[in-house]
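Peer 1: Generate coordinates for the sequence data below:
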Amino acid sequence: MRSSSQSSSQSSPLRGTQLPQESKATKETKASKESKASKESSVSRESKASKESSVSKESSASTLFEERLKKHMDELKWLYAELYHDEQGKPDQQALAYFLQVLRKNAEERSEELKAWDHQKEQNPDWYRKQDLTGMMMYTECFGENLAGVRSHLDYLKECGISYLHLMPLLQSPKGRSDGGYAVSDFRTIEPELGTMEDLSLLTRACHEEGIVTCLDFVMNHTSEDHEWAKRARAGEKEYQDRFFFYDNWDIPNAFERTVPQVFPQTAPGNFTWCEEAKKVVMTTFYPYQWDLNYANPVVFNDMTDNLLF
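Peer 2: Residues are numbered from 1 along each chain as shown. All right, here's what the predicted structure looks like:
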């Protein structure tokens, strides 16, 4: 036993000796590494929590949309089939599927502020029927020069008791052929002199914070002849000609003219215009540079809905 103990003692070179102490620099390096690791761990946890929160919000918004869609699906299918159906009266399934895709996409892309606004209005779906809204209709350039100018004068609107702000057409339209903004050439761009889509978002957000509902005079029934669809129709693309009312000759247009009233009988008489590029007649019930959209075509309905919700 004695020799075994001696052997054990001899085999441990550190036995009976004092270990060297860590230098100050070594301790600081170690502490720095531990601190960095702790921060990285904290950042990782925060990043994970942020991602989980984001996923949760997206899931919540998606769930809300799906719940509303489920609630109104039967009515939606019935109404859609009233417009677009086959010989048996059933809805155009391909067009309906695309329409639902448009709704779902735009619901998912809405900002968190607008989703919260949607949820608030969902709790009181008849809010717009009440008589507690005081409205003001305005041309942006006449009131504040541009959208930023309107936003800077919201205190005045509040002082006047305004709770509903109706903005007249402000989307891009050709100079000299705009019909006061009603001949839209781009449904997704603000007239540059008035601002940008970001300016419109900022104004809307500021209005909501003040309890003011916003409304945009959105032109649904026609486009400018400078709109992309009209340009492609003039170039002879049938897909885009089908988005308007084109006729090979004047027979049908002349038959319409016998009974269809005129919007501007003095300044723009007639409801149809000859399109030289396409060698066809196109329906233009307002001005010759405003082409009527053909809502008998489900593509028009679906794509204009997409523009409306953009």
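
Peer 1: C-alpha only now, for contacts and for neighbours.
Peer 2: Noted.

Peer 1: which outside residues touch the one helix or strand Tyr156 maps to?
Peer 2: According to DSSP states H and E, Tyr156 maps onto helix 154-159. When contacts are defined by Cα atoms under 8 Å, 6 or more residues apart in numbering, helix 154-159 is touched by residues Cys207, Glu210.

Peer 1: which parts of it are buried?
Peer 2: By neighbour count with 16 or more other Cα atoms under 10 Å, helix 154-159 contains the buried residues Leu154, Leu157.

Peer 1: got it, and stretch 224-237?
Peer 2: For stretch 224-237, by 16+ other Cα under 10 Å, it's Ser224, Glu225, Asp226, His227, Trp229, Ala230, Lys231, Arg232, Ala233, Arg234.

Peer 1: closest to Phe272 among those residues?
Peer 2: Among those, Glu225 lies closest to Phe272 (Cα to Cα), at 13.1 Å.

Peer 1: before we move on, the earlier item: which of the buried residues of stretch 224-237 fall in helices?
Peer 2: Among the buried residues of stretch 224-237, DSSP state H puts Trp229, Ala230, Lys231, Arg232, Ala233, Arg234 in helices.

Peer 1: the helices in the stretch 201-310 of the chain, which residues?
Peer 2: Per DSSP state H, counting those that start in this stretch, the stretch 201-310 of the chain carries helices over the ranges 228-234, 238-241, 251-257, 298-309.

Peer 1: I'd like to know which of these lies nearest to Arg151.
Peer 2: Using Cα to Cα, these put helix 298-309 closest to Arg151, at 22.1 Å.

Peer 1: Where does pLDDT dip in the stretch 51-200 of the chain?
Peer 2: 51-61 (pLDDT under 70).

Peer 1: quick one: the strands in it?
Peer 2: 135-138, 164-167, 171-172, 186-190 (DSSP state E, counting those that start in this stretch).

Peer 1: Starting from the second one, tell me which strands it pairs with and how they run.
Peer 2: Applying DSSP bridges, strand 164-167 is found paired with strand 135-138 (parallel), strand 213-216 (parallel).

Peer 1: can you give me how far it is from the chain middle?
Peer 2: Here the centre of strand 164-167 is set off from its chain's centre by 18 Å, with Cα atoms, centre = their mean, to the nearest Å.

Peer 1: Can you list the buried residues in it?
Peer 2: When burial is assessed from 16+ other Cα under 10 Å, strand 164-167 yields the following buried residues: Tyr164, Leu165, His166, Leu167.

Peer 1: hmm, who's touching that strand?
Peer 2: Taking Cα under 8 Å, 6+ apart as the rule, strand 164-167 contacts 133-140, 212-217.

Peer 1: which one of those is nearest Ala268?
Peer 2: Asp217 (22.6 Å).

Peer 1: Looking at the ones in helices among the buried residues of stretch 224-237, which is nearest Tyr84?
Peer 2: The nearest member of those to Tyr84, counting by Cα to Cα, is Trp229 at 21.2 Å.

Peer 1: In contact with the closest residue in space to that closest one that isn't next to it in sequence: list those residues for me.
Peer 2: Leaving aside its sequence neighbours, Trp229 sits nearest to Tyr240 (Cα to Cα, 6 or more residues apart in numbering; 5.7 Å). Listed by Cα under 8 Å, 6+ apart, the contact set of Tyr240 reads Trp229, Ala230, Arg232, Ala233.

Peer 1: As CSV, the residues you listed with pLDDT and distance to Asn297 would be great.
Peer 2: Listed next are the contacts of Tyr240 as CSV, based on pLDDT from 0 to 100; distance: Cα to Cα, whole Å:
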residue, pLDDT, distance to Asn297
Trp229, 99, 14
Ala230, 99, 15
Arg232, 99, 16
Ala233, 99, 15
